[in-house]
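A.B. asks: Mind looking at a prediction? Sequence and model below.
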Amino acid sequence: MGIREIFGALGRRWYIVVAGLLLTLGAGWQVYQMTPAEYTARSLTLLLPPVGDPTAETDGANPFLSLSGLDLTARVVVATYSSTAFAEDLEEFSPYAEVEVTIDDSTRGGIIAVEAKDRGEAQTLETLDYVTQNVSDRLVGLQQEVGVPDKDTVRSMLLAVDTEAERDFQSLIRILVIVVGGGLGLTFAIALLLDVIVIRRRRRHDEFGPVGSAARWKRMPEHAEPGKNVSPSGAAEAPVNIESEQLPALDDEPIAADNPQLDFDETLSAPAGPRSAQNPSPQP
């Protein structure tokens, strides 16, 4: 079926298309109203070298000049957030929260980026603060487990944090695409299928109905000769022998005298015919 045939079928079944479009728009609006709003927020945590860093010349040295060696430490901290224990803690804190802890690629230093997504703006900011504080606590806890002295402990500093969450439409768009696309596809499929069924029924009725039979006889050519079959298209077929079968002669009808095996009572009950009228049966 080409594009023209498809558009022609949809034009003939326009009422199905209009009804499907209205239902699809209504379903999309309901999904938009019922889907809760989701927000995202982001924070950056910077890792700082220890207070007693041996690379520093004096106690008042600039710590930002020694950030190149903290990239590996930041990756170790980020790797701990792929465990199921953190997923369970996060689900207990907020069941609908989605958090992604990664290394910020914009710089070469140890900067940990936290991106939180949750339902509601206030809940999103709370989730972001919870995970951001957890990054600092986890950094300190990992170093305490291996017995790092306080003067050699890597520190953390909150570099940037969102104070307002932004509306996230990705989940809503995915749901609307599925609902609207499915509704339109189902509408077009029903319209095309109904058009095919209606056209087939109409052709079958025209071919086998009384109107179709009369139309075929009207289309027969006037020069058709008797004794020849003519197809509805007008082509003559092979001649057919329509001679009537010869009826058997009445004189050949069997009688009781010609057949001695017949019982005498059967000859009396035989129907009267021309031969039996000329030769009556003897009386007993």
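C.D. replies: Ah, there it is.
A.B. asks: CA atoms for contacts and neighbours, from now on please.
C.D. replies: Fine.
A.B. asks: Could you tell me what pLDDT the model assigned to the closest residue to residue 156 other than its chain neighbours?
C.D. replies: Setting aside the residues directly before and after it, residue 156 is nearest to residue 47 in space (C-alpha to C-alpha, 6 or more residues apart in numbering), at 4.4 Å. Residue 47 carries a pLDDT score of 90 in this model.
A.B. asks: tell me which element residue 47 falls in.
C.D. replies: Per DSSP states H and E, residue 47 falls inside strand 38-48.
A.B. asks: Show me what counts as buried in the next helix or strand after that strand.
C.D. replies: Moving toward the C-terminus from strand 38-48, the next helix or strand (DSSP H and E) is helix 71-79. Buried residues in helix 71-79, counted by 16 or more other C-alpha atoms under 10 Å: 71, 74, 77-78.
A.B. asks: cool, and stretch 164-177?
C.D. replies: 165-166, 168, 176.
A.B. asks: if we look at that stretch, which residues are touching it?
C.D. replies: Residues outside stretch 164-177 that contact it (C-alpha atoms under 8 Å, 6 or more residues apart in numbering) are 28, 31-32, 35, 37-41, 121-122, 124-125.
A.B. asks: Restricted to buried residues, select those residues in ChimeraX.
C.D. replies: Per 16+ other C-alpha under 10 Å, the buried members of the contacts of stretch 164-177 correspond to this ChimeraX selection:
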select :28,37,38,39,40,41,121,124,125
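A.B. asks: Take the contacts of stretch 164-177 and write them to TSV, including pLDDT and distance to residue 66.
C.D. replies: Compiled in TSV, these are given as follows (pLDDT from 0 to 100; distance: C-alpha to C-alpha, whole Å):
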residue	pLDDT	distance to residue 66
28	89	54
31	88	52
32	87	50
35	83	47
37	85	42
38	90	39
39	93	36
40	93	32
41	93	29
121	89	37
122	90	37
124	92	34
125	92	31
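A.B. asks: Output the contacts of stretch 164-177 in JSON lines, with distance to residue 94 appended to each entry.
C.D. replies: Putting the contacts of stretch 164-177 into JSON lines (distance: C-alpha to C-alpha, whole Å) gives the following:
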{"residue": "28", "distance to residue 94": "28"}
{"residue": "31", "distance to residue 94": "23"}
{"residue": "32", "distance to residue 94": "23"}
{"residue": "35", "distance to residue 94": "18"}
{"residue": "37", "distance to residue 94": "15"}
{"residue": "38", "distance to residue 94": "13"}
{"residue": "39", "distance to residue 94": "14"}
{"residue": "40", "distance to residue 94": "14"}
{"residue": "41", "distance to residue 94": "15"}
{"residue": "121", "distance to residue 94": "13"}
{"residue": "122", "distance to residue 94": "12"}
{"residue": "124", "distance to residue 94": "9"}
{"residue": "125", "distance to residue 94": "12"}
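A.B. asks: Closest one to residue 183 out of the contacts of stretch 164-177, please.
C.D. replies: Nearest to residue 183 out of those is residue 28 (C-alpha to C-alpha; 9.3 Å).
A.B. asks: Assumed residue 107 was part of a strand.
C.D. replies: No - assignment of residue 107 by DSSP: H, G, I helix; E, B strand; the rest coil gives coil, placing it outside any strand.
A.B. asks: Give me the phi and psi for residue 164.
C.D. replies: When read as degrees, to the nearest 10, the backbone of residue 164 gives phi -130, psi 130.
A.B. asks: quick one: it from residue 130, how far?
C.D. replies: Distance of residue 164 to residue 130, computed by C-alpha to C-alpha, to the nearest Å: 15 Å.
A.B. asks: Low-confidence ranges, the stretch 51-200 of the chain, go.
C.D. replies: Scanning the stretch 51-200 of the chain for pLDDT under 70 picks out the ranges 52-61.
A.B. asks: in it, which spans are helices?
C.D. replies: Ranges of helices within the stretch 51-200 of the chain are 71-79, 84-93, 121-145, 170-208, based on DSSP state H, counting those that start in this stretch.
A.B. asks: Might one say that residue 66 is in contact with residue 50?
C.D. replies: No - contact criterion C-alpha atoms under 8 Å: residue 66 and residue 50 do not qualify, at 9.7 Å.
A.B. asks: hang on, the earlier thing: dump the buried residues of helix 71-79 to JSON lines, plus distance to residue 199.
C.D. replies: Converted to JSON lines, the buried residues of helix 71-79 look like this (distance: C-alpha to C-alpha, whole Å):
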{"residue": "71", "distance to residue 199": "71"}
{"residue": "74", "distance to residue 199": "70"}
{"residue": "77", "distance to residue 199": "69"}
{"residue": "78", "distance to residue 199": "65"}
